[in-house]
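Chemist: Need a 3D model of the following:
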Amino acid sequence: MNTSEETIVSGKKLTIVVVILGFILVLAGSIYGVDWMNYFFNTGSVYPVYAKPVITLLSFFLVLIAGRHKFEQRDWILVLLAFCCMLPTDILMSLVVVSPALSVGSWVFMVGGVLSIIAHIFLIIRVGRGLGYLRKFRLSEIWLPLIIYGSAVVILLVLWQDLVRVGHAVIGPVYTAFFCTTVWLSWETVRRKLLPRPNAWMAAIAATCWYVTEILGEIYNLGMGNISNITFGLVWVFYGANVVLWALSVYRWKVVKEIPRHRRKSSA
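Modeler: Residues are numbered from 1 along each chain as shown. So this is what the prediction gives:
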């Protein structure tokens, strides 16, 4: 593996990345602005439906152009595969918003849900780094998964009657288990230094944003009146950050002597 300073994202590649990020920020600002105009003034603009997946598309492009600036080939492939699922999911879920015929429970919604689960599987493999450290997992370290899974369980219990009402009594908990696992293992990469520090933090924050996205998205899907309408305007604030950070996390941002995959056997 080439770990020379030349592989750190810089020069023309850094300029391209910054320009794309700038465009994403402008696009995101326009999307959020129109979403809230729709909420406060009932304007009914469908602009966000078409524009939101563009953020994922541009993030996907950031992954594709990483080239020699990616910090690890296997890591890059897994994120690439995740985006191959995330992009069609975001397109399908955007269609669900504007078409009553494609609402919650339709085949479009279910296909999007399955693709999202597959994306999480790729990301879990990516941040899990072999999961060897779990063999020496100490009881004193259990606070991290307890917070993540425990908070999700509490939220599910609060929303349970509404989950049953819309037919999410099975898929809700199953999907929650996947995104909670992504969050937990992403933060383990920070705690155990399983990825270069910038990449680990980007992955952990991205996964946390996705966690918040799914909670807000589920509240919207439950059709809880004004509360659901408000959460709808917040979903892509977090999800947009999620897809951008996953994309940026494939780049080499600092010189490292070795990606510590060996820690899967030795870390405690």
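Chemist: Okay, now the unreliable bits of this protein?
Modeler: 1-6, 100-105, 256-268 (pLDDT under 70).
Chemist: ok, and what's touching the strand or helix carrying Phe232?
Modeler: Per DSSP states H and E, Phe232 falls inside helix 226-248. Here helix 226-248 makes contact (Cβ atoms under 8 Å, 6 or more residues apart in numbering) with 17, 21, 24, 28, 31-32, 35-36, 39, 48, 52, 55-56, 59-60, 62-63, 79, 82-83, 86, 90, 97, 123, 202-203, 205-207, 209-210, 212-213, 216-217, 219-222. The way it works is simple: take the backbone N, C-alpha and C, and place the C-beta from them, glycine included.
Chemist: one more time with 6 Å
Modeler: 28, 35-36, 39, 52, 55-56, 59, 62-63, 202, 205-206, 209-210, 212-213, 216-217, 219-220 (Cβ atoms under 6 Å, 6 or more residues apart in numbering).
Chemist: Any of those residues buried? List them.
Modeler: Among these, the ones that count as buried by 16 or more other Cβ atoms under 10 Å are 28, 35, 52, 55-56, 59, 62-63, 202, 205-206, 209-210, 212-213, 216-217, 219-220.
Chemist: Could you list which of those belong to helices?
Modeler: If you go by DSSP state H, the buried ones among the contacts of helix 226-248 have 28, 35, 52, 55-56, 59, 62-63, 202, 205-206, 209-210, 212-213, 216-217, 219-220 in helices.
Chemist: what ranges do the helices span in the stretch 1-150 of the chain?
Modeler: Using DSSP state H, counting those that start in this stretch, the helices of the stretch 1-150 of the chain run over residues 11-41, 47-64, 73-98, 107-128, 143-165.
Chemist: and the closest residue to Ile65 other than its chain neighbours, how many neighbours?
Modeler: Excluding the flanking residues, the one nearest Ile65 by Cβ to Cβ, 6 or more residues apart in numbering is Ile16, at 6.9 Å. Look at Ile16: counted by other Cβ atoms under 10 Å, it has 14 neighbours.
Chemist: repeat for Leu185
Modeler: 25.
Chemist: same deal with Trp187?
Modeler: 22.
Chemist: got the contact list for the residue nearest to it when sequence neighbours are not counted?
Modeler: Nearest non-adjacent residue to Trp187, counting by Cβ to Cβ, 6+ apart: Ala204, 4.8 Å away. For Ala204, the contact set (Cβ under 6 Å, 6+ apart) comprises Ser186, Trp187, Val190.
Chemist: could you measure the second one against Phe178, distance?
Modeler: Plainly put, Trp187 is 16 Å away from Phe178 if you go by Cβ to Cβ, to the nearest Å.
Chemist: The last one now?
Modeler: Taking Cβ to Cβ as the measure, Val190 falls 20 Å from Phe178.
Chemist: Dump the helices of the stretch 1-150 of the chain into JSON lines; add distance to Val244 as well.
Modeler: Listed next are the helices of the stretch 1-150 of the chain as JSON lines, based on distance: least, Cβ to Cβ, whole Å:
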{"stretch": "helix 11-41", "distance to Val244": "6"}
{"stretch": "helix 47-64", "distance to Val244": "5"}
{"stretch": "helix 73-98", "distance to Val244": "12"}
{"stretch": "helix 107-128", "distance to Val244": "15"}
{"stretch": "helix 143-165", "distance to Val244": "22"}
